[in-house]
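# Quick one: sequence and predicted model below, then my questions.
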Amino acid sequence: MNDTAQLPVLVVGAGVAGLTAALEMAETGHHVVLAEREPVIGGRVARFHRYFPKLCPPTCGLEINARRLEENPRIELRLQTTVTGAQPVDGHWSVTLETAPVHVTGRCTACGLCTEVCPATVSDRLNWGLAEAPAIRRPFPNAWPQRFVLEREACPEGCRACVDACPYDAIDLKAGPGVEEMEVASVVVATGWRPYPLEKLPELGGGVLEGVVSNVQMERLAAPDGPTGGRILIPGTDREPRSVAFVQCAGSRDVNHLPYCSGVCCLASLKQALYVKEQLPECDVSLYYIDRRTPGRNEDFLTRVAGTQGVRLVKGKVGKVERNGDGLELTVEDAEAGKLLHEHADLVVLATGMMPETGDPFGLPRDEDGFAVSDPRRGLAVAGVAHRPADVAASVRDATGAAARALAAAGRRS
Amino acid sequence: MASLSLITPSPEIRDELHRRGGDTARRCFQCATCSAVCSLAPDDQPFPRRQMLMAQWGQIDRLAADPAVWLCHQCNDCTVRCPRNARPGDVLQAVRSMVIEGLAAPAWLGRLVGKARSTWPLLLGAPILFWVVLLGLTGHLAWPAHVTAFEQVVPHVLIYSVFLPVAAWVLAVVFIEGGRFWAFLGSSSPPRRGSFFGALLPVLGEIGTHRRFARCEAARPRRTGHFLLMWGFVGAAVTSGLLVVALYGFGMEMPLPLGHPFKILGNLSAIALVVGVVLLVVERWSQPRVSGATTAFDTFFLTVVFLVVATGVLSEVARLTLPGQVAGGVYVAHLSFVLTLFLSFPYSKFAHALYRTLAMTHERMTAAE
């Protein structure tokens, strides 16, 4: 449609929404620059164990997208890159892209010799702080691209162990940052979300009690490439939980926290209840909710999980989580029975919601909850959870729409 | 499904609750956070989630018969944690004010005090007028330049011939109202066991120590002020009783010397009252979030207590330092505010002393073994 347009379209964020938008635009023949802050693509989705409702692993979708990306010459992927400035110029945008130092170059074959000799450890962001990792490492087994990353700040003074160990001369300790100015026709903002911080929920044990984790941490506990090799264990111990409690709306639909419903946490917890029951059939699972929000055909998934032996759904929001002996105690009213419960659990999962990422050089309008709103007259389209809370399937659909809006704006303005 | 019953919502009562500061009830979405964070809610009958629902439906009859309305001490832990800012603490306070008015005997006095927002000049002014007229008619308005004893302003016999019948009247009203409330409570709860006084005694112990109040989190600072105020009132009442006995039983001369044990007890009570009321007012002003909404129900009560305490202390000081006309005026004002306090007791926020005590006694008598 628009092979003649001279300027590329910029996509910010290579999570599932940004990837989708970039691929759809590139496959219509447009040139796309895809900027990603992290050294890998896939964003939050790459950190999931499985998707609901079909419970397939995220590599299913991401592998196909990685392949589409590799095969498409019209997409220029910039990893470790953030957009630090943006100026409207003559109906398009002039943007500043800053790339963090790339210490491991394209010569890396992911052999792993560097990791074996690395003396420094860092808190593993991928695993939401549940584990430590060597400063130089493969981000995760199914990472794309398969290139190691080095967290240079963690290096001991004068250490060159990885450089000496690398047979391919792929490590450059002196690499510096790169800055580039670029003109783009229009922009898709797909900067996604971060989980509501556990530390803001101390009354539910968040950030205070070791056996209390967030739903995103639970994904890592269940994932085969996670800190426990996929075994669901009580953090800080090597014990399997005999009881797991899911606390819905932890910091959501709450004027003291996030006022809105993220729309995915009910299904995420139901899915995670199945992770537990698959691995630990004897484990008691309870899910405490205000409402069970499983719209559309997801209702079937709810029915399936609710019918699983040893899974209990209780109407009532948990008020307190406290330590009790070597376990945890939840205080909650069973609102249907009208009785207060003091329930024991070995592992408590707080179903925290999604917050839009902030930091936006384009000055996008925001809705009352802080999510970005598309501004087509300025050539700005928002995709995925940056736009509104959504599950993976809805993010992908949203991204397709955003791609169409960005192309329309590019055609109109170039 | 035999327990299904038809619930008729009452928009009028719901609106009345709204006017009394319970308008936030409409925000409640029944998540039950409030019941779970309440330190006072019993496991088998948790509150205030159910009461919020009744408030939304305007079911004042069920609320009037519900001990939970009074077992609530308005800690406001629920209000602080409520995800909808529905302020259950304020809603229950509004319910309590409505129940007090609903149980009032006679009903018109309940309405008069219940509408203190507009009737306060009458409630405060009528007793003043009453004293002035009474003193005028009995020829006691010519006060000496220096008052050495308040006997010179208002003779004791006049005081007691007013306050003893008033006290008897208030006591009768308390019995009627308490009886009504007790019957309501009994109608909706499991049967009571054991003796009333056997249950009342430990309840009085609990109230005396404010043990339950201590379980509050958000409103715990209010406990000190309330504790002092309550014991100040008890001390003042005991002192007054002792003085009647001393005056008429033993013919003691008033005023008593400052070192007399009765005088010391009275002054200690006054200090407790002053500190208590100041703490409560300061807390209410400085911590509106945890103190709850301030309505005429609260303001009228606190104002009367403050006026009684302030004029009481002031008259003691004025008698020793100020001209007789001023001291006499302050003293008459004090007697007037005490009269307002007495007469409004069964209809104002003060009545919580009656209803909460009964509810706690009822709770003890219906508790599972």
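Great, that's in hand.
# Just give the nearest non-adjacent residue to the residue of the stretch 251-369 of chain B found nearest chain A, would you?
Closest contact between the stretch 251-369 of chain B and chain A, by CB to the nearest CB, is at B:Arg289 (11.1 Å). (Glycine included, C-beta is placed from N, CA and C.) Nearest non-adjacent residue to B:Arg289, counting by CB to CB, 6 or more residues apart in numbering or on different chains: B:Val80, 6.9 Å away.
# residues near the one you found, how many?
B:Val80 has 18 neighbouring residues, counting by other CB atoms under 10 Å in any protein chain shown.
# follow-up on the earlier one: which stretch of helix or strand covers the residue of the stretch 251-369 of chain B closest to chain A?
helix B:288-291 (DSSP states H and E).
# If you count contacts, what does that helix end up packed against?
Secondary-structure packing of helix B:288-291 (3 or more CB pairs under 8 Å, 6 or more residues apart in numbering or on different chains; DSSP states H and E): helix B:77-81.
# State the next helix or strand along the chain beyond the helix it packs on.
Using DSSP H and E, the helix or strand that follows helix B:77-81 in sequence is helix B:88-102.
# Would you check that B:Arg62 makes contact with B:Met54?
Yes. Using CB atoms under 8 Å, B:Arg62 is in contact with B:Met54, at 5.3 Å.
# Just want to know which of those two has more residues nearby.
Between B:Arg62 and B:Met54, B:Met54 has the larger neighbour count (other CB under 10 Å), namely 22 against 16.
# contacting residues around A:Leu79?
A:Ala14, A:Glu36, A:Glu38, A:Pro39, A:Val40, A:Ile41, A:Thr99, A:Val102, A:Pro145 (CB atoms under 8 Å, 6 or more residues apart in numbering or on different chains).
# Check it and give its pLDDT.
Per-residue confidence for A:Leu79 comes out at a pLDDT of 96.
# What of A:Asn2?
With respect to pLDDT, A:Asn2 scores 42.
# in what helix or strand does B:Gly194 lie?
In this assignment (DSSP H and E), B:Gly194 forms part of neither any helix nor any strand.
# tally of neighbours for it?
11.
# how near is it to A:Val385?
Distance from B:Gly194 to A:Val385, counting by CB to CB, to the nearest Å: 60 Å.
# Sticking with the residue in chain B positioned nearest to chain A, tell me its helix or strand.
Going by CB to the nearest CB, chain A is nearest to B:Ala36 of chain B, at 2.6 Å. Using DSSP H and E, B:Ala36 falls within helix B:33-37.
# The host helix or strand of B:Ala318 versus helix B:88-102: what angle between them?
Here B:Ala318, judged by DSSP H and E, is contained in helix B:296-321. Helix B:296-321 runs at 80 degrees relative to helix B:88-102, counting by axes from the mean of the first three to the mean of the last three CA atoms, to 10 degrees.
# so who does residue 235 touch?
No chain in the question, so chain A it is. A:Leu130, A:Glu210, A:Gly211, A:Val213, A:Gln217, A:Leu221, A:Leu347.
# Chain B is the one I meant
B:Gly235 sits next to B:Leu265, B:Gly266, B:Leu268, B:Ser269, B:Ala272 when contact means CB under 8 Å, 6+ apart.
# now do B:Leu123
Contacts of B:Leu123 by CB under 8 Å, 6+ apart are B:Leu112, B:Val113, B:Ala116, B:Phe300, B:Thr340, B:Ser344.
# can you pick the most crowded of these?
B:Val113 (27 neighbours).
# Look up the closest residue to that one, ignoring the ones flanking it.
B:Tyr347 (3.6 Å).
# now B:Ala333
B:Thr311 (4.8 Å).
# thinking that neighbour is in contact with B:Gly328, fair?
No. Judged on CB under 8 Å, B:Thr311 makes no contact with B:Gly328 at a distance of 11.9 Å.
# Which one's more surrounded, the two?
The neighbour count for B:Thr311 versus B:Gly328, taken as other CB under 10 Å, is higher for B:Gly328 (25 against 21).
# which helix in chain B runs the most residues?
If you go by DSSP state H, chain B has its longest helix at helix B:156-188.
# Would you point out which residue of the stretch 1-150 of chain A is nearest chain B?
Taking CB to the nearest CB, the stretch 1-150 of chain A has A:Phe52 as its residue nearest chain B, at 23.6 Å.
# host element of that residue?
For A:Phe52, there is no helix or strand it lies in under DSSP H and E.
# Pull the contacting residues for the residue lying closest to it once chain neighbours are set aside.
Sequence neighbours aside, A:Lys271 is the residue nearest to A:Phe52 in space, at 4.3 Å (criterion: CB to CB, 6+ apart). By CB under 8 Å, 6+ apart, the contact set of A:Lys271 is A:Arg50, A:Phe52, A:Pro53, A:Leu55, A:Phe301, A:Val305.
# Specify the local secondary structure of the residue lying closest to B:Val153 once chain neighbours are set aside.
Closest residue to B:Val153 apart from its sequence neighbours, by CB to CB, 6+ apart: B:Gly328 at 4.3 Å. What DSSP: H, G, I helix; E, B strand; the rest coil gives for B:Gly328 is helix.
# Excluding its own residues, what touches the worst-scoring helix or strand of chain B on mean pLDDT? List them.
Across the helices and strands of chain B, mean confidence by mean pLDDT, DSSP states H and E is lowest for helix B:288-291: a mean of 82. With CB under 8 Å, 6+ apart as the test, helix B:288-291 has contacts from B:Asn76, B:Thr79, B:Val80, B:Ala218, B:Ala219, B:Pro221, B:Arg222, B:Glu283, B:Arg284, B:Thr294.
# Show the residue spans covered by the helices in the stretch 251-400 of chain A.
A:265-279, A:298-306, A:392-413 (DSSP state H, counting those that start in this stretch).
# Quick one: list the elements packing against the second one.
Spelled out, it's helix A:298-306. helix A:265-279.
# List the buried residues of the helix it packs on.
Neighbour counts over helix A:265-279 (16 or more other CB atoms under 10 Å in any protein chain shown) mark A:265-277 as buried.
# could I get the residues you listed as JSON lines with distance to B:Gly241 and pLDDT?
Below are the buried residues of helix A:265-279 laid out as JSON lines (distance: CB to CB, whole Å; pLDDT from 0 to 100):
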{"residue": "A:Cys265", "distance to B:Gly241": "62", "pLDDT": "97"}
{"residue": "A:Cys266", "distance to B:Gly241": "63", "pLDDT": "97"}
{"residue": "A:Leu267", "distance to B:Gly241": "68", "pLDDT": "96"}
{"residue": "A:Ala268", "distance to B:Gly241": "67", "pLDDT": "97"}
{"residue": "A:Ser269", "distance to B:Gly241": "63", "pLDDT": "98"}
{"residue": "A:Leu270", "distance to B:Gly241": "67", "pLDDT": "97"}
{"residue": "A:Lys271", "distance to B:Gly241": "70", "pLDDT": "97"}
{"residue": "A:Gln272", "distance to B:Gly241": "67", "pLDDT": "98"}
{"residue": "A:Ala273", "distance to B:Gly241": "66", "pLDDT": "98"}
{"residue": "A:Leu274", "distance to B:Gly241": "71", "pLDDT": "96"}
{"residue": "A:Tyr275", "distance to B:Gly241": "71", "pLDDT": "97"}
{"residue": "A:Val276", "distance to B:Gly241": "67", "pLDDT": "98"}
{"residue": "A:Lys277", "distance to B:Gly241": "69", "pLDDT": "97"}
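# out of those residues, what pair is the most spread apart?
A:Cys265 and A:Lys277 (18.6 Å; CB to CB).
# Looking at the nearest residue to A:Val373 once chain neighbours are set aside now. What's its pLDDT?
The shortest distance from A:Val373 to any non-neighbouring residue, by CB to CB, 6+ apart, is to A:Pro365 (4.6 Å). A:Pro365 carries a pLDDT score of 96 in this model.
# quick one: contacts for A:Pro365?
By CB under 8 Å, 6+ apart, the neighbours of A:Pro365 are A:Ala372, A:Val373, A:Asp375.
# For the residues you listed, which entry has the maximal number of neighbours?
Neighbour tally across these (other CB under 10 Å): the maximum, 25 neighbours, falls on A:Ala372.
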